[in-house]
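Engineer: Let's see this in three dimensions:
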Amino acid sequence: MRVFSAALPLLVTIGVVVGSAAAAAAEAPLVLERTIPLENVSGRIDHMAVDIAGKRLFVAELGNGSVDVVDLQGGKAAHRIAGLKEPQGVAYVANQDLIVVASAGDGTVRFFRAADLSPSGTIDLRDDADNVRIDPITGHVLVGYGSGGLAVIDPANGSKIGDVKLTGHPESFQIDAKTDRAFVNVPDAHQIAVVDLASRKQISTWKIPGLGANFPMALIGGGGPLAVVFRSPAKLVLLDSATGVVLQKLDTCGDADDVFFDGKRDRIYVSCGDGSIDVIKRSAQGLKPAGRVPTSGGARTSLFVPDLGRLFVAARAESFGSHAAIMVFRSTP
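Structural biologist: Model prediction:
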């Protein structure tokens, strides 16, 4: 009886600890569901794109000179496009089943047929081809490049049909289908450029005093707010997308490179090279930190896919382990 009595407090303590851990896990806004290894991939990993119908994730492996095609259902890298020069941006054109890859090293935009990864055309932008977006209105491919431009490309014939001139190299940019405008981070010029896509001209310039290195950007469509994350100092700034007026500022993790809105859960996810994801809750009272989720050092690029409720985070080999990997986080209710 004495043995049972002595063990009882310990059992109660263990039960409390286990119960608390389970409760904390249940309340976490992001849960690591699995990791998908990227074998023989070294160096920095940049942006990603998804083919939801085909359950494929495309990963631009800048330091490795390749793009991996990840089978999301099988949880493995199934195919690889090699021989690229610092691929940074990648996009998927669903109605043509095309992969678009923009490379910094040679300034090219290359098209590949997703069915068999065969080349389908190349456009030479000559300098630092970077982020890629698909215009939801026209279907055109927009690519940030060089010392200040957005190239407008028709994917149907693989030709460049226009340019938008900017005052510096564009980083992340977002397209508002409701207003036919693009919002572009131009950190070298310490500004956010507002572009009219119909006229292909910059129509406004927004600056946030005291903040610099604005790389990631996200937009809630249909005239919703614009989220811009600065690295110097590390701040998330919420802007009125119609006027550029600052609605709120919030401290965030360091060395951010991607930010996304989760409309279903009213959250913002910020992925940072310091080895964490900041989760921020949106409400009528404003923004509020909702948790900081650990990843790995240098894992600053990510992709949130609302239809899947998953945030994919790219982890480098040198910081994550023997292989680079895609960390798959599930958004919890």
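
Engineer: can we go C-alpha only for contacts and neighbour counts from here?
Structural biologist: Will do.

Engineer: quick one, helices of the stretch 151-300 of the chain?
Structural biologist: Applying DSSP state H, counting those that start in this stretch to the stretch 151-300 of the chain gives no helices.

Engineer: where does it dip in pLDDT?
Structural biologist: Scanning the stretch 151-300 of the chain for pLDDT under 70 picks out nothing.

Engineer: Identify the residues contacting the residue lying closest to Phe112 once chain neighbours are set aside.
Structural biologist: Of all residues not flanking Phe112 in the chain, Pro119 sits nearest, at 4.5 Å (Cα to Cα, 6 or more residues apart in numbering). Residues near Pro119 by Cα atoms under 8 Å, 6 or more residues apart in numbering: 110-113.

Engineer: ok, now Val279?
Structural biologist: Neighbours of Val279 in contact, by Cα under 8 Å, 6+ apart: 29, 267-270, 289-293.

Engineer: I'd like to know how far it sits from Asp196.
Structural biologist: Counting by Cα to Cα, to the nearest Å, the separation of Val279 from Asp196 is 31 Å.

Engineer: Could you do Asp154 as well?
Structural biologist: Asp154 is 18 Å from Asp196, by Cα to Cα.

Engineer: More neighbours: which of those two?
Structural biologist: Asp196 (18 against 15; other Cα atoms under 10 Å).

Engineer: just checking, that one touches Gln202?
Structural biologist: Yes - when contacts are counted by Cα atoms under 8 Å, Asp196 is listed as touching Gln202 (6.2 Å).

Engineer: Neighbours of the nearest residue to Asp240 once chain neighbours are set aside, how many?
Structural biologist: With sequence-adjacent residues excluded and distances taken as Cα to Cα, 6+ apart, Asp240 is closest to Pro225, at 5.0 Å. Residues near Pro225, counting by other Cα under 10 Å, number 19.

Engineer: Likewise for Glu33?
Structural biologist: For Glu33, using other Cα under 10 Å, the count is 11.

Engineer: try Gly309
Structural biologist: 16.

Engineer: same thing with Thr243?
Structural biologist: Quick note: Thr243 (other Cα under 10 Å) scores 9 neighbours.

Engineer: just Arg113 next, same as before
Structural biologist: 16.

Engineer: do Gly107 as well
Structural biologist: By other Cα under 10 Å, neighbour count at Gly107 equals 21.
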